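**Q** The following block contains a protein sequence and its predicted model.
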Amino acid sequence: MAAGLAALHGQGVSLCLFHRLTGLPCLTCGSTRAAAALLAGDVSAALRLQPLAVAAAISGAAAYGAHTYFLLARRRYVTLRLQPHERRFALAAALSLAALNWAYLVWRGV
C-alpha cells in the first residue's frame, strides 16, 4: 500500500484531504517518504522529511526489541506508572512536540 501511495505521490496526486483543503501539510505529511528513506538507510533524509515520525519509528523499534528480549529471556516486564501530574506533563510534552513538528513541516513547505 505504501509503495502505491508513493507512486501516486510521485505522479503529483495528492491524497491528503487536509492538504487539499488548506494548502498546508498535515501532521503526518512526509511519513511515507521518511519511512522509505529509513528503509534505504538514509536517516538524515528521513529526519529532514518527517522528524517526529522517524523518532517515533526508532523509539518503537527499540521498544519492540526490548519487549522481544524480555519475552525470550523470560525476564520481568518493565512497567511505567505515572502519577497524575506526570501524565499531564507527558501529554503536554507530546502535544508540544507535535506542534513543533507541524510548524517545521509548514516552514519547510512539505
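**A** It's in. Residues are numbered from 1 along each chain as shown.
**Q** Tell me who's in contact with residue 54.
**A** Under the criterion of CB atoms under 8 Å, 6 or more residues apart in numbering, the contact partners of residue 54 comprise 34, 38, 43, 46, 47. The C-beta positions use only the backbone N, C-alpha and C, and glycine is treated the same way.
**Q** State the phi and psi torsions of the residue lying farthest from the centre of the chain.
**A** In the chain, the residue that sits farthest from the middle, by CA atoms, centre = their mean, is residue 74; the gap is 30.3 Å. Summarising the backbone geometry of residue 74 under the convention degrees, to the nearest 10, its torsions are phi 50, psi 40.
**Q** Could you number the chain from 680 rather than 1 from now on?
**A** Sure, I'll start numbering at 680, so the last one becomes residue 753.
**Q** Just give the number of residues close to residue 750.
**A** Residue 750 is surrounded by 10 other residues when neighbours are defined as other CB atoms under 10 Å.
**Q** what's the nearest residue to the residue nearest to the spatial centre of the chain if we skip its chain neighbours?
**A** Centre of the chain computed as the mean C-alpha position; nearest residue by CA atoms, centre = their mean is residue 732, 1.4 Å away. The spatial neighbour of residue 732 that comes closest, neighbours along the chain excluded (CB to CB, 6 or more residues apart in numbering), is residue 710 at 4.2 Å.
**Q** and the gap between that neighbour and residue 716?
**A** When CB to CB, to the nearest Å is applied, the distance between residue 710 and residue 716 equals 11 Å.
**Q** Check residue 753 too.
**A** 37 Å.
**Q** need the contact list for the residue farthest from the centre of the chain.
**A** With contact set as CB under 8 Å, 6+ apart, residue 753 has no partners.
**Q** With residue 713 as the reference, measure out to it.
**A** Residue 753 sits at a distance of 36 Å from residue 713 (criterion: CB to CB).
**Q** Thought residue 782 was touching residue 704, still the case?
**A** No. With contact defined as CB atoms under 8 Å, residue 704 does not reach residue 782; the gap is 10.5 Å.
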